[in-house]
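>>> Kindly return the folded structure for what I paste below:
(one chain, ligands or ions: 1)
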Amino acid sequence: MITKPKGTIDITGSDSLLWEYVNSVVSTMMATYNYEYIRTPIFEASELYHRSVGESSDIVKKETYDFKDKGDRNLTLRPEGTAGVVRSYLENKEYASPDVKKYYYNGTMYRYERPQAGRLREFTQFGVEVLGSDDPIIDAEVISLQYKILEALHISNLQVNINTLGDEESRIKYRDALVKYLEPHLDLLCDDCKERFKTNPLRILDCKVDAESPILKKAPKTIDYLTKDAKERFTTVLKYLDLLEVDYEVNPKIVRGLDYYDHTVFEIVSLDSDETRQSVLGGGGRYNKLIKELGGKDNYGIGFACGVDRIIALLKEIDLYQNVKKEIDCYVMYVSEEEKLNALPIVQNLRLNGVVVETNNLNKGLKGQFNEADRLDAKFLIILNNEDLKLGLVNVKDNHTKEEVKIDISEIVDYIISNL
Ligand code: AMP
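Numbers count the residues shown, from 1 in each chain. Model (predicted):
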């Protein structure tokens, strides 16, 4: 038997109901915050990720799915959403818009990671990218939108861990201080961190292996190296978050290893989920330098990405979602070919009027159809028989109260809709 590739999942049964539910909450919230849906290709030129995510990042060094197509082009399955959105913004000259561009996406990402709980090779993220504004109101909107979506999904005990990397000047000062501090302790860090020290020392603070090392715990904090402007900007973002009722904690360890971040960086966690199952649901930050890096003019950008697979895993633990079951409104029953010919238009009419309907698709007898209707938890049974049909009537049975009435065929849609 052919099985699915390592690190991928099938979404079926009650899981797929949860996925549809999450997707509908996401798209509704995005619409009310006035975010535009964007769909970019699942593969892009490899160079896009080398220039955006960064040559020295774990993602580009170890985790991308790279391939050559038949035209000898170097392509990569997208490991994240930001680079593609910024590429599209530049390629389609959306920067010419007089308004801030607010995009959201929801799609699969690909990273060649060691599969484990909360870590897949094909996984789904929804996220936003806001391009063209440096106003702290946007930092606050993006963070609160992520927070409020998770809250709307009934995920409790949410906390945003937030930090700032400051502007270019603050970053350089901080980087120097960090390098000076780490240099004498290098031999106590893991091999990857020794490498990171040369390529991107900030990423050492993100290291999972050395996370508990006392060396890192005592490392200098970005917040102590901010310029006056960067500090004021961060204070303003926090003030706005207070107004928007977002529970946050300033956490100097959040540096978000990707090369393109500056100013606000954040992660969102549910304090309810246990450590082994990866409590970080999403994160993001400001990336004002990225647009120039990808060939644009000086501009501003900020975004977040949230992992849907981890959200679903959490939701499955909550009582509210444990027995998610699909119910249908009507099951239309028939036996003879003549009854079937009458059933078809009734089924279609109801469906086109928004009623969820199923019918006998396997030539079952009446008993088999009653059983199927029960399995599907149908609210109403519409039972067709030749005698009643001759009089233009059908039987409608309320499957819960077991009450049965005869209804004129022309009134069936109205009857069902008004009794649902
Ligand atoms: P990142 O783009 O690495 O900042 O990840 C943002 C969010 O996407 C994480 O907090 C996770 O919820 C999710 N995520 C990242 N990588 C994976 C993965 N390999 N498998 C499942 N979810 C992931």
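>>> Is Ile268 in a helix, a strand, or coil?
strand (DSSP: H, G, I helix; E, B strand; the rest coil).
>>> Next, count neighbours for it.
Burial of Ile268 is recorded as 26 neighbouring residues (other Cβ atoms under 10 Å). Bear in mind the C-beta positions are built from the backbone N, C-alpha and C, glycine included.
>>> Relative to the ligand, how far out is it?
Note on Ile268: its distance to the ligand, by Cβ to the nearest ligand atom, to the nearest Å, is 8 Å.
>>> Make sure that residue is actually in contact with Tyr147.
Yes. Counting by Cβ atoms under 8 Å, Ile268 does reach Tyr147; the two are 6.4 Å apart.
>>> shared neighbours of the two, which are they?
158, 160 (Cβ atoms under 8 Å, 6 or more residues apart in numbering).
>>> Can you name the residues of the stretch 151-300 of the chain that neighbour the ligand?
Contacts of the stretch 151-300 of the chain with the ligand, taken as Cβ under 6 Å from any ligand atom, map to 280-283.
>>> Can you turn the buried subset of those residues into a selection I can paste into ChimeraX?
Selecting only the buried entries of these in ChimeraX, with 16 or more other Cβ atoms under 10 Å as the criterion:
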select :281,282,283
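>>> So which of the residues of the stretch 151-300 of the chain next to the ligand sit within strands?
In strands, defined here by DSSP state E, the members of these are 280-283.
>>> tell me the two of those that are most distant?
Maximum pairwise distance among these (Cβ to Cβ): 8.4 Å, between Leu281 and Gly283.
>>> which residues are common contacts for those two?
Residues touching both Leu281 and Gly283 (Cβ under 8 Å, 6+ apart) are Ile268.
>>> Okay, and the beta partners of the nearest residue to Phe266 once chain neighbours are set aside?
Closest residue to Phe266 apart from its sequence neighbours, by Cβ to Cβ, 6 or more residues apart in numbering: Ile162 at 4.4 Å. Beta bridges link Ile162 to Val250, Phe266, judged by DSSP bridges.
>>> any chance of the ones in strands among the residues of the stretch 151-300 of the chain next to the ligand in JSON lines, plus pLDDT and distance to Gly71?
JSON lines is the format used below for these (pLDDT from 0 to 100; distance: Cβ to Cβ, whole Å):
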{"residue": "Val280", "pLDDT": "90", "distance to Gly71": "39"}
{"residue": "Leu281", "pLDDT": "95", "distance to Gly71": "39"}
{"residue": "Gly282", "pLDDT": "95", "distance to Gly71": "36"}
{"residue": "Gly283", "pLDDT": "95", "distance to Gly71": "36"}
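>>> could you dump these to TSV with distance to Val86?
TSV is the format used below for these (distance: Cβ to Cβ, whole Å):
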residue	distance to Val86
Val280	23
Leu281	23
Gly282	18
Gly283	17
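>>> Backbone dihedrals for the residue of the stretch 101-250 of the chain at minimum distance from the ligand, please?
The stretch 101-250 of the chain approaches the ligand most closely through Phe123 (3.5 Å), counting by Cβ to the nearest ligand atom. In terms of degrees, to the nearest 10, the main-chain angles of Phe123 are phi -140, psi 170.
>>> What of Glu337?
When quoted as degrees, to the nearest 10, the phi and psi of Glu337 stand at phi -60, psi -40.
>>> Pull the number of nearby residues for it.
Glu337 has 7 neighbouring residues, counting by other Cβ under 10 Å.
>>> I'd like the distance between it and Asn363.
Glu337 sits 10 Å away from Asn363, going by Cβ to Cβ, to the nearest Å.
>>> To what extent is the closest residue to the ligand within the stretch 201-350 of the chain buried, counted in neighbours?
Closest residue of the stretch 201-350 of the chain to the ligand, Cβ to the nearest ligand atom: Gly307 (2.1 Å). For Gly307, the count of nearby residues is 22 (other Cβ under 10 Å).
>>> which residues in the stretch 301-420 of the chain form helices?
Applying DSSP state H, counting those that start in this stretch to the stretch 301-420 of the chain gives helices spanning 308-315, 319-322, 337-352, 366-375, 386-390, 412-419.
>>> hey, which of those is tucked in deepest?
For these, the largest average neighbour count (mean count of other Cβ atoms under 10 Å) is found in helix 308-315, namely a mean of 21.
>>> So for it, mean pLDDT?
Here helix 308-315 scores 93 as its mean pLDDT.
>>> send the alpha carbons of that helix over as PDB?
This file holds the C-alpha atoms of helix 308-315, laid out as PDB (Å, rounded to 0.1, in the frame of the first residue of the first chain):
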ATOM      1  CA  VAL A 308      -3.200  25.900  12.200                       C
ATOM      2  CA  ASP A 309      -2.000  22.300  13.000                       C
ATOM      3  CA  ARG A 310      -1.000  23.300  16.500                       C
ATOM      4  CA  ILE A 311      -4.300  25.200  17.000                       C
ATOM      5  CA  ILE A 312      -6.300  22.100  15.900                       C
ATOM      6  CA  ALA A 313      -4.300  20.000  18.300                       C
ATOM      7  CA  LEU A 314      -5.100  22.300  21.200                       C
ATOM      8  CA  LEU A 315      -8.800  22.600  20.200                       C
END
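>>> can you count the residues close to the closest residue to Leu202 other than its chain neighbours?
Nearest residue to Leu202, sequence neighbours excluded (Cβ to Cβ, 6+ apart): Val255, at 4.9 Å. Residue neighbour count, defined by other Cβ under 10 Å, stands at 22 for Val255.
>>> sorry, back to before: for the residue of the stretch 201-350 of the chain closest to the ligand, name its beta-bridge partners.
Those that pair with Gly307 in a beta bridge, by DSSP bridges, are Gln125.
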